[in-house]
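*Asks:* structure for this input, please:
(one chain, ligands or ions: 2)
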Amino acid sequence: MSILKIAIQKSGRLSDSSRKLFDECGIRISNGAGTLKVVAGNFPAEILLLRDDDIPQYVEQQVADIGIVGENIVLETRKEVDILEQLGFGGCRLSLAIPKEENYTGPDYFMNKRVATSYPALLSDYFRSRNIRAEIEELSGSVEIAPGIGLAEAICDIVSSGSTLLTNGLKEVETVMKSQAVIIANRNISGPKREILEKLLFRIRAVKNASENKYILLNAPESAVPEICKILPGMKSPTVLPLAEEGWCSLHSVVREDEFWERIDRLRAAGAEGILVIPIEKMIV
Ligand code: ATP
Ligand code: ZN
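*Replies:* Ligands and ions are numbered 1, 2, ... in the order given. Here you go, the predicted structure:
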């Protein structure tokens, strides 16, 4: 019987969200403390627990068929894998930062400077595309302390809130790339494995759609319905149900999370009342 081998980060910033994703897809994986692999309870999959940096290589070599890893790692390692889906977690950016008292004049600032990073490939692409000659000092970790100890004059590192930079007396001045967790896949998955992969992607998309949308219910006078229908596009068009009170109805629809606040204001202005917004668990479009 075929089994899909899925690599995820063993422990770190992506592990909890990766496990939660499988849980929401109805795929049970035990916590596998101390082990390298766990077999899913009710889905033909085996989960390999690895260091994130190794995942692109293992997927390229088909030790794992697919993996969950940050785009930053995929692009830095330059492995031959396909990116199938962005997952909406693990958001961060690869940024250049300099000591906070320095006067930043634009990317030319880095001309002939020493820049410490764990992302030499992405950083040299960035400098090359801007014709900047700089010296790249490759470090495997704790990059943010490099300027303080005189190892480099600037750094290029992963940032999310920016608090690590601040505590090290640095300020962020350029974004080299934005990143989030993605599903990567080996390029030669076929036959029954491909079918398992499609089944998994179908579930992941349903979970992702659900998290990006909200179910909305509201009451409105009948006269306001045409205007409200224009504001609420929904998956098809809103459901309109009569209320017991003469001349009133209830409308149900789906709105995107990111459009939600702007639409709420317009709905209220159009006469909507008693607005309820409810999370959606799965959404199949
Ligand atoms: P491992 O032990 O697996 O090698 P790691 O220490 O290299 O782990 P983590 O710090 O757990 O890696 O980060 C994993 C991924 O999480 C990063 O590659 C990046 O895509 C994402 N990420 C999100 N926010 C941050 C952040 N503030 N700092 C670092 N990585 C972040
Ligand atoms: Zn790592």
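*Asks:* CA only for contacts and neighbour counts going forward, please
*Replies:* Noted.
*Asks:* quick check: residues of the stretch 1-150 of the chain near ligand 1?
*Replies:* Applying Cα under 6 Å from any ligand atom, we find that the stretch 1-150 of the chain lies next to ligand 1 at 9, 11-14, 51-53, 70, 72-73, 90-92.
*Asks:* strand partners (parallel or antiparallel) of the helix or strand where residue 274 lies?
*Replies:* Assigned by DSSP states H and E, residue 274 belongs to strand 273-279. Next to strand 273-279 in the sheet, as set by DSSP bridges, lie strand 213-221 (antiparallel).
*Asks:* how far off centre is the strand it pairs with?
*Replies:* Taking Cα atoms, centre = their mean, to the nearest Å, the mean C-alpha location of strand 213-221 is offset from the chain mean by 28 Å.
*Asks:* need the contact partners of that strand.
*Replies:* Among residues not part of strand 213-221, those counted as contacts by Cα atoms under 8 Å, 6 or more residues apart in numbering are 247-257, 271-280.
*Asks:* weed out the non-buried ones from those.
*Replies:* 248-256, 271-272, 275, 277, 280 (16 or more other Cα atoms under 10 Å).
*Asks:* restrict those to those near ligand 1?
*Replies:* Contacts with ligand 1 are made by none of the buried ones among the contacts of strand 213-221, judged by Cα under 6 Å from any ligand atom.
*Asks:* averaged pLDDT, stretch 192-205. What do you get?
*Replies:* Averaged across stretch 192-205, pLDDT comes to 97.
*Asks:* so which bits of that stretch are buried?
*Replies:* So, applying 16+ other Cα under 10 Å, buried residues of stretch 192-205: 193, 196, 197, 200, 201, 203, 204, 205.
*Asks:* just the residues you listed: which are in strands?
*Replies:* Among the buried residues of stretch 192-205, none falls in strands (DSSP state E).
*Asks:* could these be laid out in a markdown table, adding distance to ligand 1?
*Replies:* Below are the buried residues of stretch 192-205 laid out as a markdown table (distance: Cα to the nearest ligand atom, whole Å):
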| residue | distance to ligand 1 |
| --- | --- |
| 193 | 26 |
| 196 | 26 |
| 197 | 23 |
| 200 | 22 |
| 201 | 21 |
| 203 | 23 |
| 204 | 19 |
| 205 | 20 |
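*Asks:* can you add distance to ligand 2 and give those back as TSV?
*Replies:* Below are these laid out as TSV (distance: Cα to the ion, whole Å):
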residue	distance to ligand 2
193	28
196	28
197	25
200	25
201	25
203	27
204	24
205	26
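*Asks:* max pairwise distance over the residues you listed: which two?
*Replies:* Farthest apart among the buried residues of stretch 192-205 by Cα to Cα are 193 and 205. That separation is 18.3 Å.
*Asks:* for stretch 144-164, which outside residues touch it?
*Replies:* Residues external to stretch 144-164 that are found in contact with it (Cα under 8 Å, 6+ apart): 91-99, 113-119, 123, 137, 143, 165, 168, 172.
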